[in-house]
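Engineer: Just need the structure, nothing else, for what follows:
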Amino acid sequence: MDGNKRTARIVGNAILMNEKHCPLSFRTDALDFIIEHPDYLHPLTVSKIEDIHSILTKELSVDRNLRKRRVGISGTNYRPLDNQFQISEALINSCNVINNKKSVFEKALLALVLILYIQPFMDGNKRTARIVGNAILMNEKHCPLSFRTIPLIIKKQCCCFMNRTIFQISKRFLLINLNLL
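Structural biologist: Below you'll find the predicted structure:
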């Protein structure tokens, strides 16, 4: 089961069970944390990305820390790195590249794209990537990106576009800049 289906099931069960712990409330917790500690992700490190992921997935049945087994991305042929050591190395190199960029927009975009490409966790990668990218923007006093006002059909079209192209772009970036793969 991919992350989207797993998250939908968790949210649905939380609503049916009238539980207060729902993934949506954890996003708020993560945003509150970033607002209270705006420079927390500066400089960006693997352990800080893991901390944000832990806030986003707390009290859910989601593995913590870097994944130790293969995952697939629904609707694509893409297969992310499949062992914890490669994942760790890719994240360390990504953090170094991001921290060395001057432009906050380039840093935020790279964080978003590279976390999505590497898929370091079993679930919660998109949420983690969005929060990390937005935290980088917010630390420099820029507005965070929001996807809430985008119509559903456009979101679906963007997801299809991302599935076809962003991983190709990220792979080329990793090959050129991080000497991976």
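Engineer: make it CA atoms for all contacts and neighbour counts henceforth
Structural biologist: Will do.
Engineer: any idea how far residue 121 is from residue 127?
Structural biologist: Remark: distance between residue 127 and residue 121 (Cα to Cα, to the nearest Å) = 11 Å.
Engineer: Same drill for the two, tell me which one is more crowded.
Structural biologist: The residue with more neighbours, out of residue 127 and residue 121, is residue 121; 25 against 19, by other Cα atoms under 10 Å.
Engineer: Touching, that one and residue 64? I think so.
Structural biologist: Yes - assessed by Cα atoms under 8 Å, residue 121 is found in contact with residue 64 at 7.5 Å.
Engineer: Please work out how many residues are found near residue 138.
Structural biologist: 19.
Engineer: my bad, residue 59
Structural biologist: Residue 59 - counted by other Cα under 10 Å - has 12 other residues nearby.
Engineer: For stretch 102-122, buried residues please.
Structural biologist: Using 16 or more other Cα atoms under 10 Å as the test for burial, stretch 102-122 gives 104-105, 107-122.
Engineer: which residues are in contact with it?
Structural biologist: With Cα atoms under 8 Å, 6 or more residues apart in numbering as the test, stretch 102-122 has contacts from 3, 62-67, 71, 80-81, 87-88, 90-91, 94-95, 98-99, 101, 125-126, 128-130, 132-134, 136-137, 140, 166-167, 170-171.
Engineer: Weed out the non-buried ones from those residues.
Structural biologist: Buried, going by 16+ other Cα under 10 Å: 3, 62, 64-67, 71, 80-81, 87-88, 90-91, 94-95, 98-99, 125-126, 128-130, 132-134, 136-137, 166-167, 170-171, out of the contacts of stretch 102-122.
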